[in-house]
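Engineer: I would like the atomic coordinates for the input below:
(2 chains)
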Amino acid sequence: MKGVVFIMQKKSNFYISSDFLFAILDNTPFGIIALTPKGNIRWLNFQAIDFLGIKSDQKELLNKSILDAIAEPLELRQHIKNTLLKKRKIFDLEGNYFNNRYLTFRGRIIDEGIFITIADITNIKISEFLALNSMLEGQEMERKRLAREIHDGIGPLLSTLKIKLANLEGDIGEKSEEIKVKFVNSYDLIDEAADDLRSISHNLLPKVLLDFGLIEALEALSDKIQTTKNVEITFIYTGTLQRFDQVLELGIYRVCQELINNTLKHAKAQKITLQLIKLEDMLHLIYEDDGLGFDPSDYPLGLGIMNIENRVNALGGDVNIDSLPGKGMTTTIEVPFNHQGNVTN
Amino acid sequence: MSQINIAIADDHKIFREGLSELLSKESDLNVLGGAGTRSELLEILNKYKINIVIMDIDMGDLNGIDLTVDILNKYPDLNVLALSMHGDKNYIVKMLEAGAKGYILKNAGKDEMLNAIHTVANGNTYLSNQVSSKLLEHITNPASVKNKHPENTPITDREIEVLILISEEYSNSEIAEKLFISVRTVDTHRRNLLEKLGVKNTAGLVKYAIHNGFLDT
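Structural biologist: Prediction:
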């Protein structure tokens, strides 16, 4: 195509040579691919080659089929295939994680074939992660502060009060049966208050999680739900009991808390299955309940789903929620281990 | 009965005083000191012949588990009774591993506390009912078996359904339709099955399904 001079003429005398045009296209920060209607590469710029990690150079690629030229990302290939088969006219693939970058692919049908642009939105994504992470971090710090206040203030006060009452118990018992009953009632109330406080403080800052890690914490959580609520929880996990990044552990734990809360609040479920599967480079969380289910389009932002999505997005992961009325629900979550957004300190 | 000398390690003065008041009523118990820090505790142990240390686990910056290991290194004959808010089995196991002879919860009543102190001071083991049932759970509950090998991980009913449908040559989208889940979830189940069963591909899944009698032949 090089050397063919064409002139873009409007009413003015404005014209541009093809060399000049291609130089511009090669130097934009976007990847550009022009395909023939059959899917052969008509032209593409250096950015596109770089973004897609193609080993061949520009000239070798001309007239080759795009599907032969790129093996990945699979989702992009699938969309190109569908567009070539005329199943769809346009596609927008936002923020696809590929070759250490977040790329947005757009495909449009034009008279001459298909026009694909690729934008690198890694920086935008990273600042989103940072913003989200610092919001969540702020939230966690506030929770930590409250937990500390309970530990240092009302917690020991209640424990001490109990001991002081225990101290009285012996003196009272002999005097009057009636007073003894009243005393035991008060004592039980304090017990209850202490239990409530312990559970609040645990929700604020799950100490088992910090001290022993995600698996132990989820096991303890399942145990607790199983014994206090009317639902059967199975917790299955693979891999060794390794510790993960603290942000990842807390994030996944919070997501599980939210999911369980949703089930208890809305689903009337009898069974919950929680699975944590460690794959080579990511963690899979599969959460299923056999409850009432719902139509996800009715609750796009409800049921604590937004909290869950925020958490998972901050970890650079993906959430997928399946549910239908009467069919229970399945949430699958994938979180990569080493993610740029996983800021630790 | 011989006299029992007690030291209390807890980061809250008010609690130490309350506990001390309760225990001092017993004629055979002498609370000789309360400590909120490591050095305070070491000072007491150095000064008196202590029989039993009542040890809190979560002492702010100080960790009762490490502190137990620490003092038992210096005073191997010492008896440690853990007194904690935490009923989680991890803390119980860690504390016993550290060398504590007893473990009771802070919501224990007076009788239980006195019973625990006497038992542990004599060098015997005391676990409250709640604590020992937690411990028993830890030993017997199959959910707490550490799955070092993914191949030993149990597969769920839903996964078996997916496995059977895969083996019967249904495609991901057909399986999704049959089970009222999305294609993506089917794919997640498929990948987890590969990981759990330790096989590489669909052929491996089918082989597993046949060997384990999931398919009518």
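
Engineer: so who does the closest residue to residue B:84 other than its chain neighbours touch?
Structural biologist: In space, and not counting its chain neighbours, residue B:84 is closest to residue B:57: 4.3 Å by CB to CB, 6 or more residues apart in numbering or on different chains. To be clear about C-beta, it is placed using only N, CA and C from the backbone, and glycine gets the same treatment. Taking CB atoms under 8 Å, 6 or more residues apart in numbering or on different chains, we find residue B:57 in contact with B:63-65, B:82, B:84-86, B:91, B:95.

Engineer: who wins for neighbours among these?
Structural biologist: Ranked by the number of neighbours (other CB atoms under 10 Å in any protein chain shown), these place residue B:82 first, at 29 neighbours.

Engineer: near chain B, which residues of the stretch 51-200 of chain A show up?
Structural biologist: A:151-152, A:155-157, A:159-164, A:166-167, A:169-170, A:191, A:194-195, A:198 (CB under 8 Å from any CB of the partner chain).

Engineer: How confident was the prediction at the residue nearest to residue B:84?
Structural biologist: In this model, residue B:57 is scored at 92, pLDDT.

Engineer: So which residues make contact with the top helix by length along chain B?
Structural biologist: Identified as the longest helix of chain B according to DSSP state H is helix B:183-197. Helix B:183-197 is contacted from outside by A:238, A:275, A:277, A:279, A:284, A:286, A:320, A:322, A:330, A:332, A:334, B:150-151, B:153, B:155, B:158-159, B:162-163, B:166, B:172-173, B:175-176, B:179, B:200-201, B:204-205, B:208, using CB under 8 Å, 6+ apart.

Engineer: And the strands in chain B?
Structural biologist: Applying DSSP state E to chain B gives strands spanning B:4-9, B:29-35, B:52-55, B:58-59, B:62-63, B:79-84, B:102-105, B:126-127.

Engineer: Out of these, which is closest to residue A:19?
Structural biologist: strand B:62-63 (70.9 Å; CB to CB).

Engineer: Just checking: what are the partner strands of the closest one?
Structural biologist: Here strand B:62-63 has these sheet partners by DSSP bridges: strand B:58-59 (antiparallel).

Engineer: List the neighbours of stretch B:103-112 that are in contact with it.
Structural biologist: A:159, A:162, A:166-167, A:169-170, A:191, A:194-195, B:22, B:81-85, B:87, B:92, B:95-96, B:113, B:116, B:126-128, B:130-131.

Engineer: Could you do stretch B:159-173 as well?
Structural biologist: Contacts of stretch B:159-173 (CB under 8 Å, 6+ apart): B:155, B:174-175, B:178-179, B:183, B:186-187, B:189-190, B:192-193, B:196, B:202, B:205-206, B:208-210, B:214-215.

Engineer: again, but for stretch B:71-80
Structural biologist: Contact with stretch B:71-80 is made by B:41-42, B:45, B:50-53, B:55, B:68, B:98-102, B:120-121, B:123, as judged by CB under 8 Å, 6+ apart.

Engineer: can I see the domain layout of chain A?
Structural biologist: A:18-120, A:123-205, A:207-345 (automatic domain parsing).

Engineer: Now do the end-to-end distance for the first one.
Structural biologist: Which is domain A:18-120. Start-to-end span of domain A:18-120 (CA to CA, to the nearest Å) is 26 Å.
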